[in-house]
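Sequence first, predicted coordinates after that:
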Amino acid sequence: MIRTNWNAKNFKLMHAEGDAVFDRAQWVDLIPHDATVLIEGFELFKGFMAIDQRAQGLSSLRIRMADGSEQPVASDESAYTMGLAVNAEADTDWLRYSYTSMTTPMSTYELNIRSGERKLLKEQPVLGGFDKSNYVTERLWAPARDGVQIPVTVLYRKDFKKDGSAALLQYGYGSYGASMDPYFNSNVLSLVDRGMVYAIAHIRGGQEMGRAWYDEGKLLKKMNTFHDFIDVTDFLVKQGMPHRPESLRWAAVRADC
């Protein structure tokens, strides 16, 4: 099995048998290139394989059976971070993976790919009486000035009212193809508990939407990174989440060339 970006900016999976691995002309596509899905890794099992991917701005997993049929690993939330955990046994129907979101501490699950049964093996403990049911995370799409839709992940308390009275802490990076995934961050809970909104703007220059997302935010296109951050802020204001722009509490956006 070969993961390669040969004629495939977002990578593809190919296979070769025996000495054919030394002759690229004999490699055969297994998972063709997809301009909307970045393949970051894979794990082989007896009868199926698990693919670690980025699609729609999210790090997710999908299962491919030996007969070629596929199914996603489901999530209970609209914004999350999912990845392969340690799977030491290949002859099994159980896939072990990690999961976190802005409301869910880092967790390890096992999924039976035949029955669909899911088991929570471990969840990172959070001190201070944390209750995930008190919080809401959302995945939104903000239009940039050039028409591109920018993914945004927001966190707020369940009793939060979108009436334009709150303060906003917004974070973005947008450089070197580094993806800013929506993971659990206990440091922002004290702000959210006091009525603030926390947002991650997944701006161009990262890799949340594949390699093209990185290319659209570097060199002569670097201004997209800054414009995206500003346009996401304007969008959230129009959604009634933060106060008027002159009263916003901003985080620094790191956007190195």
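Okay, I see it.

pLDDT weak spots in the chain?
Confidence mapping of the chain against pLDDT under 70 gives the ranges 244-257.

For it, which segments are assigned as helices?
Taking DSSP state H as the criterion, the chain contains helices spanning 189-193, 211-215, 223-238.

got the CA coordinates for the last one in PDB?
Listed in PDB are the C-alpha atoms of helix 223-238, where the atom choice follows Å, rounded to 0.1, in the frame of the first residue of the first chain:
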ATOM      1  CA  MET A 223      -3.500  38.600   1.800                       C
ATOM      2  CA  ASN A 224      -6.300  36.000   1.700                       C
ATOM      3  CA  THR A 225      -5.200  34.900   5.200                       C
ATOM      4  CA  PHE A 226      -5.800  38.300   6.700                       C
ATOM      5  CA  HIS A 227      -8.900  39.000   4.700                       C
ATOM      6  CA  ASP A 228     -10.400  35.700   5.800                       C
ATOM      7  CA  PHE A 229      -9.800  36.600   9.400                       C
ATOM      8  CA  ILE A 230     -11.500  40.000   9.100                       C
ATOM      9  CA  ASP A 231     -14.400  38.600   7.000                       C
ATOM     10  CA  VAL A 232     -15.100  35.800   9.500                       C
ATOM     11  CA  THR A 233     -15.300  38.500  12.300                       C
ATOM     12  CA  ASP A 234     -17.700  40.600  10.200                       C
ATOM     13  CA  PHE A 235     -19.800  37.400   9.600                       C
ATOM     14  CA  LEU A 236     -20.000  36.600  13.300                       C
ATOM     15  CA  VAL A 237     -21.100  40.100  14.100                       C
ATOM     16  CA  LYS A 238     -23.900  39.800  11.600                       C
END
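
What residue spans form the domains of this structure?
If you go by automatic domain parsing, the domain ranges for the chain are 36-123, 132-247.

Out of those, which one sits most buried?
domain 132-247 (a mean of 18; mean count of other CB atoms under 10 Å). C-beta here means a position set from N, CA and C on the backbone, and glycine is covered the same way.

Please enumerate the strands of the stretch 51-200 of the chain.
58-65, 70-72, 81-84, 94-100, 107-112, 118-123, 135-143, 149-157, 168-171, 197-201 (DSSP state E, counting those that start in this stretch).

Output these as CSV; include the columns distance to T233.
Written out in CSV, the entries for the strands of the stretch 51-200 of the chain read as follows (distance: least, CB to CB, whole Å):
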stretch, distance to T233
strand 58-65, 22
strand 70-72, 31
strand 81-84, 23
strand 94-100, 25
strand 107-112, 31
strand 118-123, 33
strand 135-143, 9
strand 149-157, 10
strand 168-171, 6
strand 197-201, 8
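
closest one to F48 among the helices of the chain?
Set against F48 and scored by CB to CB, the helices of the chain come closest in helix 211-215, at 26.5 Å.

Now tell me what touches the closest one from outside.
Applying CB atoms under 8 Å, 6 or more residues apart in numbering, the set of residues contacting helix 211-215 from outside is 5, 9-10, 35, 38, 176-177, 204-207, 221.
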